[in-house]
Each structure stands twice: as C-alpha cells, then as structure tokens.
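*Asks:* My questions are about this predicted structure, shown below with the sequence.
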Amino acid sequence: MTTATQRTPNPFTQDDYAARMSRVVDEAVGAGLTGVIVAPGPDLVWLTGYQPTAITERLTMLVLTADREPTLVVPTLERPDAESAEGAGALTMIDWADGSDPYPLAGSLLRADGRFGISDSAWAMHLLGLQQARPATSYHALSQGMPMMRAVKDADELARLAMAGEAADSTYLEIIHVRFAGRRETEVAADLARLLREFGHEQVDFTVVGSGPNGANPHHEAGERVIQPGDSVVLDFGGLMHGYGSDTTRTVCVGEPSAEVQKVHDIVRAAQQAAFEAVQPGVPCQEIDRTARAVITDAGYGDQFIHRTGHGIGVTTHEPPYMVEGEEQPLEPGMCFSIEPGIYLAGRFGVRIEDIVTVTENAGRRFNNTDHHLRVVE
C-alpha cells in the first residue's frame with residue numbers, strides 16, 4: 001500500500017481564534033455591518049473550534065461586534081461542551097435554560113438599530129425570534145455581505161489542506177490497482193471511502209463512481225451498475241482530514257480507451273492545465289473559468305461543459321470563492337479552490353479532472369499531484 005506521510009498539524013491556539021474573530025469584526029465594519037451573528041456550522045467551527053454535538057432547535061449564537069467581547073450564547077446543558085472548545089478562552093459565554101425564552105437575552109447583545117451579517121446556516125425560527133426581540137435590526141446573509149470571510153487561509157490551514165490532498169492522492173494511487181470490471185460502482189465507492197479513512201480522513205463526504213453513461217452525470221451517486229470492460233469511470237472523492245477538506249477527480253478507463261474517450265480526456269487535461277497556469281494574484285475568479293472553458297469550447301465541446309470550473313475549499317469541501325462567470329473577486333495569496341473542468345456526453349460517458357489549488361505570491365500550487373494522463377485499469 002502507498003503510504004501518505006503521517007504528520008500532525010500544529011494545533012490552532014486561543015490566539016488564532018481570537019485573531020480570526022477580530023479580523024471578522026474589522027471586515028464586517030468595513031462592509032457596513034454593525035457586527036456578525038454566527039450559528040452552528042462551518043463558520044462557528046472556524047471562528048471558535050466549537051461544533052455542537054447535535055444541532056437542535058435550541059439557540060446557539062456567536063455575536064461579534066466592535067463594542068463588546070466575542071460572546072457565545074449557548075443552552076445551559078451544552079455549556080460544558082462549548083467551554084471545552086479550542087477557542088473557548090477567547091469568548092464570553094452566556095447560557096440559557098430550557099423553558100426560558102432565549103431571544104430577549106440574545107437580542108440584548110445587539111444594537112437596537114444594528115445591521116448584522118448572519119450565517120447562512122442560521123435557522124429561520126432563530127432569525128425570526130431575534131427580529132421580534134429587536135424589531136429595528138436588519139440582517140444580511142454572510143454569503144452576500146462577507147463571502148470571502150474564510151477564503152484566505154493562513155499557513156497552518158494551508159498545511160492541513162496539503163495533508164488532505166496528499167491523503168487523497170494516496171487513495172487514488174491505491175484505487176487504480178483494484179479490479180473495476182465486473183464490480184458494482186458501490187463496491188469501488190466503498191473501497192474509496194475505506195482508503196480515505198486509512199490515509200487519515202476522519203470524515204468521508206463523497207465517493208462518486210460514474211461508469212460508462214453514468215459518468216455523464218457530474219454528481220452521479222454510485223449505484224448498482226456493473227462496470228464493464230471499455231468503460232471510462234469518473235472517480236471524484238474527498239472529505240475532511242484534520243478538519244480541512246480534500247476533493248480530487250480522475251477519470252480512468254477499464255481496458256484500452258476508444259479513440260473518442262482518449263480525445264475527450266486529452267481536451268479536458270489541456271483545459272485543466274491552462275486554467276492552472278492562469279492562477280496568480282489579482283486575476284478575477286471568472287478568468288479561471290473562462291480559460292478552461294475556452295479550451296473546451298474551441299475543441300467543439302462547449303455545450304458539454306455544464307458546470308462551473310471550481311469552488312473554494314476549507315473547513316467545508318464547497319465554499320467561496322467560486323471559479324465561475326460573473327465572479328469578479330480577484331484571487332489573493334492563500335485562497336484555495338478546485339479546478340475541475342469536464343466534458344459530459346449524455347448517455348455515453350464523461351471525463352473530469354480535478355485538483356485543489358492554492359494561490360501563492362506569483363502563481364498557483366497544486367495540493368493534488370497524481371498523474372493527469374488517462375489511466376488504464378483492469
């Protein structure tokens with residue numbers, strides 16, 4: 001078995017979480033917001049290290065404003081868990097007991113006429129409760145008001161993403177040696193999940209195995225189709241390792257590929273490489289999409305490239321920034337995202353190649369480094 005280098009990343013410290021919260025407050029003020037309200041989900045994990053063991057109807061809410069210390073409102077029964085989070089020392093905590101109304105308490109932390117960004121993951125019932133407690137406040141989705149909040153990674157975050165990418169690469173280098181022909185897609189998907197865990201992932205988020213005509217569906221769920229000799233097979237897999245995501249795609253062929261499969265694969269490979277070479281600070285996100293799409297369109301397959309070229313990645317496997325037409329956000333050093341062009345011929349086959357890339361001071365750096373050429377498997 002190929003062995004990924006087993007390393008333990010530097011732990012995030014209380015100071016790291018405090019710095020993140022301070023930066024978010026500064027960015028919120030710069031965006032014209034009074035502050036930010038963070039519900040359970042990836043934003044809360046990134047800012048505090050706290051993830052409730054179960055996200056329930058009970059209100060949990062982090063309030064970040066310039067006029068008070070970061071304050072976490074939690075149910076009384078969950079306070080011990082919150083206090084054990086890595087970033088808890090940088091927080092003031094207020095708890096509320098079952099049977100009481102938490103919204104007047106939470107509302108007291110908000111300026112009466114404030115304009116607040118709020119996590120996309122916030123429950124509607126909690127937002128409505130806050131509006132009732134503070135009728136003059138207004139709320140705006142963080143994905144619109146502060147979409148780049150988690151986009152630029154620091155050195156420790158980059159190290160985690162690199163480890164996750166290396167583990168995904170090791171998974172690919174193992175999966176190409178298993179038998180494909182005569183096995184169901186679900187069996188190969190189970191092998192992918194097992195290998196991701198063996199190479200250090202604590203969470204497997206997806207294992208796409210799209211064989212033959214199923215490969216023309218970009219998000220095909222592995223099914224009971226038996227993989228046949230001559231099939232091209234799209235393998236897209238990833239999850240979380242040390243709390244940060246992996247996501248990679250390679251397309252393999254069971255036995256020697258047809259001339260058409262080889263041709264389409266070569267086009268996608270050229271598009272992926274061109275998009276990677278376009279990565280540098282200051283380039284608008286949409287330019288990465290345009291570059292990949294131009295290669296595929298010039299080859300006559302523009303209508304068969306049916307999704308954006310990439311998405312950001314961090315504490316979730318999909319987050320801003322997005323490599324898509326209309327996204328004018330310029331790339332910055334430390335941003336991390338996928339480059340994953342594809343061609344999908346309905347009812348026949350599909351091809352996709354995906355790497356996670358980060359922006360350096362003058363170019364791009366791949367976190368996935370396995371061969372892009374069409375691999376023949378048994």
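*Replies:* Yep, that arrived. Remember, predicted model here, so these are calculated numbers, not experimental data.

*Asks:* Name the nearest residue to A28, sequence neighbours excluded.
*Replies:* Using Cβ to Cβ, 6 or more residues apart in numbering and skipping the chain neighbours, the partner closest in space to A28 is V36 (5.0 Å). The C-beta positions use only the backbone N, C-alpha and C, and glycine is treated the same way.

*Asks:* Next, give phi and psi for that neighbour.
*Replies:* As for V36, its main-chain torsions (degrees, to the nearest 10) stand at phi -130, psi 140.

*Asks:* number of nearby residues for it?
*Replies:* A total of 28 residues lie near V36 under the criterion other Cβ atoms under 10 Å.

*Asks:* Who are the contact partners of the nearest residue to C285 once chain neighbours are set aside?
*Replies:* Setting aside the residues directly before and after it, C285 is nearest to E327 in space (Cβ to Cβ, 6+ apart), at 4.1 Å. Applying Cβ atoms under 8 Å, 6 or more residues apart in numbering, we find E327 in contact with 284-286, 289, 321.

*Asks:* in a helix, that's where E327 is, yeah?
*Replies:* No - using DSSP: H, G, I helix; E, B strand; the rest coil, the assignment for E327 is coil, not a helix.

*Asks:* mind checking how far it is from T309?
*Replies:* Noted for E327: a distance of 10 Å to T309, by Cβ to Cβ, to the nearest Å.

*Asks:* what is in contact with these two at once?
*Replies:* Counting by Cβ under 8 Å, 6+ apart, the residues touching both E327 and T309 are D289.

*Asks:* if we can go back for a sec, looking at the contacts of E327, which are in helices?
*Replies:* Among the contacts of E327, the members found in helices (DSSP state H) are 285-286, 289.

*Asks:* ok, which stretches of the stretch 251-378 of the chain are helices?
*Replies:* With DSSP state H, counting those that start in this stretch as the criterion, the stretch 251-378 of the chain has helices at 259-277, 285-298.

*Asks:* Where does A167 fall, secondary structure wise?
*Replies:* Secondary structure from DSSP states H and E places A167 in helix 155-175.

*Asks:* Show the subsequent helix or strand relative to that helix.
*Replies:* Using DSSP H and E, the first helix or strand after helix 155-175 is helix 185-198.

*Asks:* Which neighbouring elements make contact with the following helix or strand past that following helix?
*Replies:* Under the assignment DSSP H and E, the closest C-terminal helix or strand after helix 185-198 is strand 203-211. Secondary-structure packing of strand 203-211 (3 or more Cβ pairs under 8 Å, 6 or more residues apart in numbering; DSSP states H and E): helix 185-198, strand 232-241.

*Asks:* In JSON lines, list the ones you listed along with distance to G223, mean pLDDT and mean neighbour count.
*Replies:* Formatted as JSON lines, these follow (distance: least, Cβ to Cβ, whole Å; pLDDT from 0 to 100; neighbours: other Cβ atoms under 10 Å):
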{"stretch": "helix 185-198", "distance to G223": "5", "mean pLDDT": "98", "mean neighbour count": "20"}
{"stretch": "strand 232-241", "distance to G223": "13", "mean pLDDT": "98", "mean neighbour count": "25"}
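
*Asks:* how about these in CSV, adding distance to D101?
*Replies:* Output for these, formatted as CSV (distance: least, Cβ to Cβ, whole Å):
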stretch, distance to D101
helix 185-198, 43
strand 232-241, 36
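
*Asks:* packing partners for the lowest-mean-pLDDT helix or strand in the chain?
*Replies:* When each helix and strand of the chain is scored by mean pLDDT, DSSP states H and E, helix 142-145 comes last, with a mean of 86. Helix 142-145 sits against strand 115-118, with contacts defined as 3+ Cβ pairs under 8 Å, 6+ apart.

*Asks:* Counting by contacts, list what the strand it packs on packs against.
*Replies:* Where contact means 3+ Cβ pairs under 8 Å, 6+ apart, strand 115-118 is packed against strand 35-38, strand 138-141, helix 142-145.

*Asks:* With M21 as the reference, name the closest of those.
*Replies:* For the helices and strands packed on strand 115-118, proximity to M21 was assessed by Cβ to Cβ; strand 35-38 is nearest, at 9.0 Å.

*Asks:* Kindly state the domain boundaries assigned to this protein.
*Replies:* Structural domains assigned to the chain are 14-145, 155-377, following automatic domain parsing.

*Asks:* Return the most buried member of these.
*Replies:* domain 155-377 (a mean of 20; mean count of other Cβ atoms under 10 Å).

*Asks:* Determine how far the last residue of it lies from the first.
*Replies:* Its first and final residues considered, domain 155-377 spans 37 Å by Cα to Cα, to the nearest Å.

*Asks:* Centroid-nearest residue for the chain?
*Replies:* T317 (2.1 Å; Cα atoms, centre = their mean).

*Asks:* so what's that one up against?
*Replies:* 205-206, 238-240, 245-247 are the contacts of T317 under Cβ under 8 Å, 6+ apart.

*Asks:* got it, and A299?
*Replies:* Counting by Cβ under 8 Å, 6+ apart, A299 has contacts I267.

*Asks:* that older thread, out of the helices and strands packed on strand 115-118, which is closest to G87?
*Replies:* Comparing the helices and strands packed on strand 115-118 by Cβ to Cβ, strand 35-38 comes nearest, at 11.8 Å.
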